[in-house]
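1. following is a predicted model, sequence given first.
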Amino acid sequence: MADQTWPINPESKTKLLIAVDGRPKFCQPPPEGYFGNVIAWSSAQSKARDLTRKTIDFAVRIVQNAIKEVTEDYIRTAIDHHELTRKGLVLENSLWITKGTRLPFYEANFGWGEPMQVGPASLVDNLAITLLQGKDSENIAVSLSLPASQMEVFQVLIQPEGF
């Protein structure tokens, strides 16, 4: 479905940007009850052709390897690089996925009670998927960001026949 929704040259390099929980990567984790972000970005990269022609285990392997690369040194180096260059993430030909299903958003209380709804404040202008735990812990809320032209194609692909 992605190769039909997201028109890209088969020889182009694609990236899956992955938000990795940095908390367990540090020798000294954040203090108990810390609610802020400790996120490191990693990327699984491949030619578009390989993702559409090879088996799913190929994609799974490159994602697993990208996550394994994230260590305390990796995070500290990324922070130093950002401080020196002030460059952000390169989003061209990228899919951006964040998963916050284990973060206790619905347990947060900033003085006015439990949140009614939790979701991303904004989504990137590229292809992005955000997965968050729903208020009922059995549900997952999915936010999807696509350019309008790609959203129309995506809608046709997921629409059941007869609708």
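-> Yes, it's here. Numbers count the residues shown, from 1 in each chain.

2. now do the helices in the chain.
-> Using DSSP state H, the helices of the chain run over 2-5, 48-53, 56-68, 72-85, 148-158.

3. buried sites along the last one?
-> Residues of helix 148-158 classed as buried: 150, 154 (neighbour count, 16 or more other CB atoms under 10 Å). Where you see a C-beta, it was placed from the backbone N, CA and C, and this is true even at glycine.

4. measure the residue nearest in space to the middle of the chain to E11 for me?
-> The residue lying closest to the centre of the chain (CA atoms, centre = their mean) is I97, at 1.6 Å. Counting by CB to CB, to the nearest Å, the separation of I97 from E11 is 23 Å.

5. so for Q133, which of the helices of the chain sits nearest?
-> Of all these, it is helix 56-68 that lies closest to Q133, at 19.8 Å by CB to CB.

6. where does this structure dip in pLDDT?
-> Low-confidence segments of the chain (pLDDT under 70): 1-7, 89-91, 93, 96, 100-103, 122-129, 134-135, 137, 162-163.

7. neighbours of the closest residue in space to P10 that isn't next to it in sequence, how many?
-> Spatial nearest neighbour of P10, chain neighbours left out: R49 (3.8 Å); criterion: CB to CB, 6 or more residues apart in numbering. By the measure other CB atoms under 10 Å, the count of residues near R49 is 15.

8. before we move on, what about G88?
-> 8.
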